[in-house]
Every structure is written in structure tokens, then in C-alpha cells.
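Chemist: got a predicted model here, sequence first, then my questions.
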Amino acid sequence: MSGLVRGLLGSSRYFIVVAVIGSFVASACALVYGGLATFFIVIHTFSSLDFSTTGAKVLSVDLVTMIDLFLLGTVLYIVAVGLYELFIDPGLPMPAWLKISTLDDLKERLLGVVAVLLAVTFLGSAVTWNGTTDILALGVAVGFVLGVVSLTIAIMARTHAAQVREQRERGPSP
């Protein structure tokens, strides 16, 4: 009986494939949409021949919005790759910076991208600010969240470094 339960639980990790495929499809959708939208933004910009400060502001807002979408696509891709590496195939050929061997590695990568996403989102708000809303409150809120995210990343990195140091001192396990 315990062998059956063990086999069932061992193979149930493959249910994560649903999350991997969903995250990958969402990532591809965001990236392709962003690429196409960027193309049309450029075409519209040069066909309108509006080379004024207003045209430049509209272009910068549109491009910052596309960067936001590309970052979202990147986050979704990192989730797909990270879950796949953690649950299905830890030997997936990836660049060293994208190697994910623990759930903490995945969280650390995601928090880093979330911090950039927040900063870009605030930049978009600052560029489109018309002076009627209170942007200071938004800036303080984003700054607070960025501070917490940065602190969390620093703590996770320090904990990870301590664990690696501890493993090196212990030597290879028998």
C-alpha cells in the first residue's frame, strides 16, 4: 500500500506541467503581443509625423507600457522555466543566472523582476502624470514595496550564501 501511495505522490509532480505550459503560453502571448504592439507604435509614430514634445511624451508612455508588458512576459517565462527545473528536469540547459535548484531560487528571481516591474510601472505613471492626482502617495507606496522587496532579496541571498558556505565546510556528503 505504501508503495502505491509513494508512486502516486512521486508521479503527481508532473501535474506541475499544467502550470509550466500555462505560464509558458502566457509568456509567449505577452511577448508576441508586446513585439507586435511595439512595431505598430513605431509605424504610427513615424507615419503621424508629430515630432513635438507632445508626440515624444506619447511615444515614451507607449514604449514604457511595452517594457512593462515585456517584463511581465519575462516573469511568466521565469516561472515556467523555474517550475520545470524544480519539478520535472533539473538538468534543463539554461544560463547560469537562470539555474533554479530550490523554490527560494525561484522566489529570489521573481522578486528581482517584480522590483523592476514596479519601478517601470511607477515611471510610466510619472511620465503620464497630469498634475491632478497625488503622485507622491503612489511614489511612497511603490518606494515602500521596493524597500521591502529589496530587503527580502538581501535576506534570501545572505541565507543562501550561508547555506552554501555551511555545505562547503561540511564537505561532500557520504
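Modeler: Happy to help now that I have it. Numbering: from 1, shown residues only.
Chemist: SS state for the residue nearest in space to the middle of the chain?
Modeler: Geometric centre of the chain, nearest residue: V75, 2.6 Å, by Cα atoms, centre = their mean. Going by DSSP: H, G, I helix; E, B strand; the rest coil, the secondary structure assigned to V75 is helix.
Chemist: state whether it and G112 are indeed in contact, as I suppose.
Modeler: No. Using Cβ atoms under 8 Å, V75 is not in contact with G112; the gap is 9.8 Å. From N, CA and C alone the C-beta is placed, and that goes for glycine too.
Chemist: before we move on, back to that, now the residue nearest to the centre of the chain: closest residue in space, sequence neighbours ignored.
Modeler: Nearest non-adjacent residue to V75, counting by Cβ to Cβ, 6 or more residues apart in numbering: V113, 4.9 Å away.
Chemist: contacts only, for that neighbour.
Modeler: L71, T74, V75, I78 (Cβ atoms under 8 Å, 6 or more residues apart in numbering).
Chemist: save the residues you listed as TSV, and put in distance to F39 too.
Modeler: Listed next are the contacts of V113 as TSV, based on distance: Cβ to Cβ, whole Å:
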residue	distance to F39
L71	18
T74	19
V75	22
I78	25
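Chemist: out of those residues, which comes closest to D104?
Modeler: I78 (13.9 Å; Cβ to Cβ).
Chemist: how about I41: what's its closest non-neighbour residue?
Modeler: D62 (4.7 Å).
Chemist: list the buried ones in whichever strand or helix holds that neighbour?
Modeler: In this structure, D62 sits in helix 53-87 according to DSSP states H and E. Neighbour-count burial for helix 53-87 flags 58-59, 62-87 (criterion: 16 or more other Cβ atoms under 10 Å).
Chemist: packing partners for it?
Modeler: helix 16-48, helix 103-128 (3 or more Cβ pairs under 8 Å, 6 or more residues apart in numbering; DSSP states H and E).
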